[in-house]
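Visitor: prediction below, plus the sequence it came from.
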Amino acid sequence: MDIALVVIVAALASALTLISGFGLGTILLPAFALFFPVPIAVAATGVVHLLNNLFKSALLFGRADWRTVLAFGITAVPAAILSAWLLARLGDTGAVFEWEAFGRRFGPSGAGLVVGGLLVVFAALEMLPRFQKLGVPPRYMPLGGLASGFLGGLTGQQGALRSIFLLRAGLAPDRFIATGAMIAILVDFARLGTYFAAFDAAGLSPEGREGLLVAAGTLAAFAGAFIAARHIDKVTIGLVRGTVAALMFAIGSALVLGLIGAA
């Protein structure tokens, strides 16, 4: 039953991602957080995110602006390693606070509180047209790498912030996509290696059935994206984006309250 739920949620989340324009990690993190402790959910999302960007980079490798990739990556990689290590430490903490309802006790871990709070913030920002049009001068690229790398390692939510810094780089659409994918790959490799090493030390590494759920969710996510691509012209974008933002807000609130994502 749990595998069926993961497959359905991951497929729907991936389909919504393709249609709405939200980042893959933005949608899949709430989906995986329904079934895993927060640190494992972030890592599982990172695996799918990396595979998706490797696929895009294979198609657009020659179109990336490598000066921009270097300017971003030189600060993004160490920031991602630091915050990925921090996430593992937060996930190893007990409940930050506790409350009771219907005879049950709830409480978020440090990771659930931080990641859930950021999901709520991102849900609000993604629906603001002004936020989607923000741009930062190219000279601040290293700062953008530092900020997006840190958030990427901590929550997996790096795409929106990275785009703010890339929008003013003067890149053509295909170069913009290729450059973003290359930067994301650098961050994903850095944070995934740190996750798995830190989670193993903390006893959080997915094993057995948890690993099977991650594999099932990954395959379902690609299936969802494939199906959505064939029917993308039949969906109202505004409605989908509103639905996705509502999902992010609901899951983020549930993480903050400790209703889901507990170790």
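Guide: Perfect, thanks for sending it.
Visitor: stretch 64-75 - what's its average pLDDT?
Guide: Averaging the model's pLDDT scores along stretch 64-75 yields 89.
Visitor: check stretch 121-133 too.
Guide: Taken as a whole, stretch 121-133 has a mean pLDDT of 73.
Visitor: list the buried ones in it?
Guide: 122-123, 126-127 (16 or more other Cβ atoms under 10 Å). To be clear about C-beta, it is placed using only N, CA and C from the backbone, and glycine gets the same treatment.
Visitor: how near is the spatially closest residue to Val96 that is not a sequence neighbour to Met141?
Guide: The shortest distance from Val96 to any residue other than its chain neighbours is 5.2 Å, reached at Leu113 (Cβ to Cβ, 6 or more residues apart in numbering). Leu113 sits 31 Å away from Met141, taking Cβ to Cβ, to the nearest Å as the criterion.
Visitor: can you pull out the low-pLDDT segments for the stretch 51-200 of the chain?
Guide: Segments of the stretch 51-200 of the chain classed as low confidence (criterion: pLDDT under 70) are 56, 59-60, 91-93, 131-135, 198-200.
Visitor: in which helix or strand would I find the residue nearest to Val96?
Guide: Assigning secondary structure by DSSP states H and E places Leu113 in helix 110-126.
Visitor: that helix - contacts with which helices or strands?
Guide: Secondary-structure packing of helix 110-126 (3 or more Cβ pairs under 8 Å, 6 or more residues apart in numbering; DSSP states H and E): helix 24-33, helix 38-60, helix 66-91, helix 141-155, helix 159-166, helix 237-257.
Visitor: who wins for proximity to Asp188 among the ones you listed?
Guide: When the helices and strands packed on helix 110-126 are compared for distance to Asp188 using Cβ to Cβ, the nearest one is helix 38-60, at 3.9 Å.
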